[in-house]
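Visitor: prediction below, plus the sequence it came from.
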Amino acid sequence: MSVVGSWRLDNPIAVREMRMRARGSRSYLLLFCYVLILSLVMLLAYGVRSQRPALYETIQSSGQELLAILFFCQACLIAVVTPGLTSWVLTIEHEQQTMELLVSTLLRPKEIVFGKLLPAILLLSLLLLSSFPLSMLCLVFGGVSPGEVVARYVGLYAYGIVLAAAGVLASSLFRKSFLAAIAAYLFAVAYSAIPNLTASLIASGWTGWLYSASPNPAWMGILPGWATGIFGPSDATTKILGVRVHAVVLTGVISGLLAWLLAAIATANIPNFNEDRAPRVRILFTLLTVCAFPALMTLRDPRTTGVTNGDVSKWFILVSSLAVLTAPQFSIAARIGRGSDLLSSLSQTLRSPKSWFHSQCAGGFWFSLVWAAVMCVICCIGATRSGRVADNLTQALQLTWVTLSQAAASAALGIMVYSFTRRVVFSRLVCFVSVAIFWSVTSSLVVTFLSPSQSKILAGSIISRALPLLPFVAWARDGGRLSAAAPSLSLAAIITNLAATLLFLFVAARALTRSQRESNSRGDLTGTEEPYASREAVVE
Amino acid sequence: MARSPVLEVDNLTKTYGALSAVEHLSLTLQRGDVLGFVGPNGAGKTTTIKIAATLLDATEGTVRVCGVDVLEDPYQIRKMIGYMPDFFGVYDDLKVWEYLDFFASAYRLPPAERAQASRDVLEITDLAPKRDSYVESLSRGMKQRLCLAKTLLHNPELLILDEPASGLDPRARVEFKEIIKDLREMGKTILVSSHILPELADFCNKIAVIEAGRLIVAGPVRDITAALQEGRKIHIRVLERQEEALAEIAEMPGVASAAAQDGRLIVTYTGPQDSEHEIVKRLVQAGFRVLSFSPAEMNLEDAFMRLTKGIVQ
Ligand SMILES: Nc1ncnc2c1ncn2[C@@H]1O[C@H](COP(=O)(O)OP(=O)(O)OP(=O)(O)O)[C@@H](O)[C@H]1O
Ligand SMILES: [Mg+2]
């Protein structure tokens, strides 16, 4: 009973979860969107294909190309969807205060994890199955063997299952869904990127990839090409202990083991559900980030000696961009009431919307600033290590201030978006999108005006570089040199950013005051904290 | 099998860092006992209860349910107890019967018995008409009863209810009390915690008062209430010669003080309850014409306040 029992399909939790999922509209919407997006992409790819020769030189037949595009697209969708399917499954039990009831039943931790994982895996299967007609279409175009299609499905399925298990693990580590979601998505990015990135770093001389202008495979490698074999033949075989093994079999086995390991760790976490591990995890991740930075700085283009301007500016920019992009998340964290409220003790004494606003938002705001500042200091230290000390320092300091002001503006933007909406999930989405757009536009502008070779970048079109980090990559390619006009332009950038910060904060404060007044007139002053938590629980 | 107590808490201690939430607590519940576990906020009730419900590890001491140590086999313990936490949520997208069906299967009831079990517990908790409603549409009191229903599903020997009546209106409280009385009739052993002593006094047969982690008093309700009534007031009216009567009473053993007020004699009596009548007897023998003799309404609330006041910092 014990071993077989925990893997039975009539797992009470799985039954309940599926019942609840079937009642909601999300699964149906998800399935519809999935098929819609895939169909549109295929339609587009087919249109392009009929007018132009192959996108990749390595791909010969149109069937193969369409199949590659289909699976690349599917892999991206799976990477986006799967963490969202599972990263909340255990945290929601905390959020709706049902964890104690669940844990005090006779269900073993193993069953709880399996019961949470199973519905997600079934939904995943449904998504993959729904793309089946499209992959059959590729077969029709020729050049593809049925075996290859099956191999890609196995790879993709294995990929999805690992991400699903990682999501459950993340949700066993945290008490808040959004923290778990961040962890799960971080894992998804790392899991998708690391193998590709490593491979192409080795291939391109470690840092060469940063200097290339066209989106090269390393960048695409952030997306889950690894599992689907899009950048290599999916019918490759490897010799293990003298036996020829199909690469997909290997992928399946390794992924299966990995998923099992992740689920086992989640299982081990369940009996200690009383503990809140988030503080420890937070410290761990912060430490890792801080340690990772000097480690990354040692990665260099082997063709050069000593730390170059480009090295310093490049890593500085990458890491501080990360700080800026995560800033609104921390604003939200603080808003929900779990952030490190630096000012809360100070301002809690004044019971006004303004002080409430401070105590709720300031934690995230300060966090992102402090983080960006730490990164800047490390950069400055790095700068002094390189050849032309004075030159580098001036540049680094200039960029420090530009980036700090940008971090402030991003955090303020996050707070502003948050102050307008009561739905946590929705505002998180809007936050991300608006901060990404803000960051892209401002950094494009900064790069365009601060870089000596403006024309080259403008020609490359700002829109095509709308992904947050790309403008700086292009800038780093120029050797990270600022133009002669840089100091005054930096100052302008800083002033603009600070003005934007103040504007965002002002608007946020206004919005909060208004909503406070409304809730006052409705007479439910007390319930400011709790409805957010429960609403999130409902929405997620 | 020798009858071991249903719940046996022995020298239990739980510390959180420097704070000790529970200190050297011992309790025993025999079959059929209904123990009221009373204490102010932060007394350590929930902590004790969670340890008994296998959700928290004790720092020291043992807790046994029907002779089984909670550390030894948590799953066997969980089969024997029904635990209702102080704060809990419900699954929103489920109907009442589905909610119960989920917990029935989580308690490993065979599929064939689940429907009957949920029907039974709905009957006990007066929720039968709500069988097909969504859980989220229930009122607070109904949700509380539903949670109680869930704890009864696997027919546990011992019920551990952590403040089951908190947040209920007076009528719902009375209804809840009735349900607990029914469960007592059914022979369940129950541990029920509360802030409020009088609320428990009429359906518990034992009371344990805890404060700052320490047991203050424990024992049968009658003893506790008697002990709490120490120094209770008695109002006496005599037709004439009030002053003389006062002097007479003041001399009697067990009388702490006596005073005249608004034409009545107010006597503070510390002697045993069953010798109160001696006062009347003596007055009558001395020739006083006693009009009325009434022990003041016992006020458990005051007594509880008195009991637990000294220890709070
Ligand atoms: N996880 C924890 N960490 C630290 N201290 C805790 C923790 N849980 C409880 N305590 C402390 O233990 C003490 C006892 O708490 P407990 O919840 O058992 O009290 P209670 O009698 O149930 O109170 P209430 O009537 O408010 O429910 C309190 O002082 C509380 O602050
Ligand atoms: Mg309590």
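Guide: Perfect, thanks for sending it. Ligands and ions are numbered 1, 2, ... in the order given.
Visitor: do I have it right that B:F37 meets B:C204?
Guide: No: contact criterion Cβ atoms under 8 Å: B:F37 and B:C204 do not qualify, at 9.1 Å. In short, each C-beta sits where N, CA and C put it, glycine included.
Visitor: got the contact list for the helix or strand containing B:S294?
Guide: Under the criterion of DSSP states H and E, B:S294 resides in strand B:290-295. Contacts of strand B:290-295 with the rest of the structure, by Cβ atoms under 8 Å, 6 or more residues apart in numbering or on different chains, involve B:232-239, B:276, B:279-280, B:283-284.
Visitor: which of the residues you listed sit farthest apart?
Guide: Within the contacts of strand B:290-295, B:R232 and B:L239 form the most distant pair, 24.4 Å apart (Cβ to Cβ).
Visitor: before we move on, back to that, shared neighbours, B:F37 and B:C204?
Guide: Common neighbours of B:F37 and B:C204 (Cβ under 8 Å, 6+ apart) are B:V192.
Visitor: please enumerate the helices of the stretch 1-150 of chain A.
Guide: In order along the chain, the stretch 1-150 of chain A carries the following helices (DSSP state H, counting those that start in this stretch): A:2-6, A:12-23, A:26-51, A:62-86, A:91-95, A:99-103, A:109-130, A:132-141, A:146-173.
Visitor: any idea which of these gets closest to ligand 1?
Guide: Shortest distance between ligand 1 and the helices of the stretch 1-150 of chain A, using Cβ to the nearest ligand atom, is found for helix A:99-103: 12.8 Å.
Visitor: avg pLDDT for that closest one?
Guide: When pLDDT is averaged along helix A:99-103, the result is 90.
Visitor: hmm, it in reach of chain B?
Guide: Yes: using Cβ under 8 Å from any Cβ of the partner chain, helix A:99-103 comes into contact with chain B via A:E100, A:L101, A:L102, A:V103.
Visitor: so who does the first one touch?
Guide: Applying Cβ under 8 Å, 6+ apart to A:E100 gives the contacts A:F273, B:L55, B:Y83, B:P85, B:F88.
Visitor: for the second one, which three-state class applies?
Guide: When the structure is reduced to helix, strand and coil (DSSP: H, G, I helix; E, B strand; the rest coil), B:L55 reads as coil.
Visitor: over to the last one?
Guide: Using three-state DSSP, the structure places B:F88 in coil.
Visitor: spit out the contact partners of it.
Guide: Per Cβ under 8 Å, 6+ apart, neighbours of B:F88: A:Q97, A:T98, A:E100, A:L101, B:C147.
Visitor: show me which residues of the stretch 151-300 of chain A are close to ligand 1?
Guide: Proximity of the stretch 151-300 of chain A to ligand 1 is not found for any residue under the rule Cβ under 6 Å from any ligand atom.
Visitor: what is the burial count for whichever residue of the stretch 251-400 of chain A sits closest to ligand 2?
Guide: The stretch 251-400 of chain A approaches ligand 2 most closely through A:N274 (14.3 Å), counting by Cβ to the ion. Number of residues near A:N274 (other Cβ atoms under 10 Å in any protein chain shown) recorded here: 12.
Visitor: among the helices of the stretch 1-150 of chain A, which gets the worst mean confidence?
Guide: helix A:2-6 (a mean of 46).
Visitor: filter the contacts of A:E100 down to just the buried residues.
Guide: Of the members of those, the ones counted as buried by neighbours, 16 or more other Cβ atoms under 10 Å in any protein chain shown, are A:F273, B:L55, B:Y83, B:P85, B:F88.
Visitor: let's have those residues in a markdown table, adding distance to A:R510 and pLDDT.
Guide: Compiled in a markdown table, these are given as follows (distance: Cβ to Cβ, whole Å; pLDDT from 0 to 100):
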| residue | distance to A:R510 | pLDDT |
| --- | --- | --- |
| A:F273 | 41 | 75 |
| B:L55 | 45 | 89 |
| B:Y83 | 48 | 94 |
| B:P85 | 41 | 92 |
| B:F88 | 38 | 88 |
